[in-house]
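>>> Fold the following for me, if possible:
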Amino acid sequence: MTTLEIRDLHVNVAQTDADAEPINILKGVDLTVRSGETHAIMGPNGSGKSTLSYAIAGHPKYEVTQGSITLDGEDVLEMSVDERARAGLFLAMQYPVEVPGVSMSNFLRTAATAVRGEAPKLRTWVKEVKEAMGDLGIDPAFGERSVNEGFSGGEKKRHEILQLDLLKPKIAVLDETDSGLDVDALRVVSEGVNRYKAEEDGGILLITHYTRILKYIQPDYVHVFINGRIAESGGAELADELEAGGYDRFTKASA
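Predicted coordinates for the structure are as follows:
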């Protein structure tokens, strides 16, 4: 069993003005995600949800000032970004970047080679990619296009889940994967996430504003993020409460 353990995590974020003091965003986060578990993190804008995902992934603008992140007992904060990926951490970004001049096919095979430690055999790889694209309704012609260049929001999110399928991480952090998706794309992306969990017994940390994706991806735990902390944790019923009443109860309690 894989365990991602976050303890008393405090994170500052650098401002655009290099002379300005960093902003303290996370103020003591405790969270444990294990294999086969789906944790949904919900909260209003600016509560620190994406900051948590970037801190786990190792974004250089996000400075951990206190606390720890471990993966199966190994200190994640001592790892470089690529070492975190090889250790089994994956981040599906809220805003996937465009990489002109690098084809999707080359990007995916290079990433798989880096994570697996050796290049996948070409014949096996082509079959693997074709099946994964078919499951996600991705046109194989996209493999020759530059990474995310000219892609719609929904196409970018499908390609994030394509990477999830091919890289097979131990723990997947999905940062607002549902944003910008229509109903059909939401269903397809959710099916991809559920396949990953079922086939790889992967742990999922799902960050979202809305409960609509939770109708397709059933959470084992729901955590309400307010002002850089987890204000309350519960089961799927907590998401139903948020759908009905919003975050008022939690924001008033933290004021």
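
>>> Do a quick rundown of the helices in the stretch 101-250 of the chain.
All helices of the stretch 101-250 of the chain, identified by DSSP state H, counting those that start in this stretch, fall at 104-116, 122-135, 153-167, 183-200, 236-245, 248-254.

>>> So which elements touch the first one?
Translated: helix 104-116. helix 81-87, helix 122-135, strand 146-147, helix 153-167 (3 or more CB pairs under 8 Å, 6 or more residues apart in numbering; DSSP states H and E). All C-beta spots, glycine's among them, are computed from the backbone N, C-alpha and C.

>>> Could you list the low-pLDDT ranges of the protein?
254-255 (pLDDT under 70).

>>> what would the helices and strands packed on helix 104-116 look like in a markdown table with mean neighbour count and distance to residue 8?
What follows is the helices and strands packed on helix 104-116, written out as a markdown table (neighbours: other CB atoms under 10 Å; distance: least, CB to CB, whole Å):
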| stretch | mean neighbour count | distance to residue 8 |
| --- | --- | --- |
| helix 81-87 | 16 | 20 |
| helix 122-135 | 14 | 38 |
| strand 146-147 | 18 | 36 |
| helix 153-167 | 21 | 29 |
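
>>> Could you dump those into a markdown table with distance to residue 32 added?
What follows is these, written out as a markdown table (distance: least, CB to CB, whole Å):
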| stretch | distance to residue 32 |
| --- | --- |
| helix 81-87 | 17 |
| helix 122-135 | 30 |
| strand 146-147 | 33 |
| helix 153-167 | 21 |
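
>>> right, and these - which one's nearest residue 34?
Judged by CB to CB, the one of these that comes nearest to residue 34 is helix 81-87, at 15.5 Å.

>>> picking that back up, tell me which of the helices of the stretch 101-250 of the chain sits nearest to residue 96.
The nearest among the helices of the stretch 101-250 of the chain, by CB to CB, is helix 153-167 at 4.3 Å.

>>> so how far is that closest one off the chain centroid?
Distance of helix 153-167 from the chain centroid (CA atoms, centre = their mean, to the nearest Å) equals 11 Å.
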